[in-house]
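1. here are the coordinates; sequence isn't available:
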């Protein structure tokens, strides 16, 4: 079985969710929650959104964890790391649920109004449409990326996810003699 190229396993750009850079974190959460990827009969929510400018040029990627980091209330960010750890240590404070009401929720609502451009990761690496699967894997591992934009003629035409790369590897390892 011949291994595939990036363009053969990518999700086309029009099938992958994206947002403009001025969208708020709240709008990004809504986009993720309303997006369903159906790749080869396997359904999932996206783990990241592509972020574009007004000319539809790819600026970055905003992952779920970037959104969560952006929603962290400012008053928690100013605390020292040991104090923050102690604050969320259930063994020290059995009433930890008190943190999830009132002030935290309100602070998260306020933080959710910042634009995704404040927390997105800029695009630092891409793969070409005709790059071999081995090169895609190499870039994902060495750049610690689970989603890579795919270029064709210097334009973004899709994305390759680590889940799809893993599926291709599984097909090679498990279905060849």
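-> Thanks, I have it. Nothing here was measured: the structure is a model prediction, and the numbers come from that model.

2. confidence score at residue 36?
-> At residue 36, the pLDDT value in this model is 86.

3. Can you get me a residue count around residue 152?
-> 14 (other C-beta atoms under 10 Å). (C-beta placed from N, C-alpha, C; glycine too.)

4. who's in contact with it?
-> Contacts for residue 152 (C-beta atoms under 8 Å, 6 or more residues apart in numbering) come out as 7, 128-129.

5. remind me which residues of this structure are low pLDDT?
-> 1-2, 75-81, 83-102, 176-177 (pLDDT under 70).

6. And the strands in it, which stretches?
-> 11-12, 18-20, 37-39, 42-44, 48-52, 58-63, 121-122, 127-128, 147-152, 155-161 (DSSP state E).

7. Make TSV from the ones you listed and add distance to residue 28 to it.
-> Conversion of the strands of the chain to TSV gives the following (distance: least, C-beta to C-beta, whole Å):
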stretch	distance to residue 28
strand 11-12	18
strand 18-20	6
strand 37-39	16
strand 42-44	17
strand 48-52	6
strand 58-63	6
strand 121-122	13
strand 127-128	24
strand 147-152	15
strand 155-161	16
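
8. winner for burial among these?
-> Ranked by mean neighbour count under mean count of other C-beta atoms under 10 Å, the strands of the chain are led by strand 48-52, which reaches a mean of 23.

9. Show me what that strand is in contact with.
-> By C-beta under 8 Å, 6+ apart, the list of residues contacting strand 48-52 reads 13, 16-21, 28, 31-32, 58-64, 116-117, 120, 146-147, 149, 156, 159.

10. Okay, now the sheet partners of that strand, with direction.
-> Strand 48-52 sits in its sheet next to strand 18-20 (parallel), strand 58-63 (antiparallel), going by DSSP bridges.

11. Outside of the longest one itself, list whatever touches it.
-> Where contact means C-beta under 8 Å, 6+ apart, the residues beyond strand 58-63 that reach it are 19, 21, 28, 47-53, 116-117, 119-123, 146-147, 149, 156.
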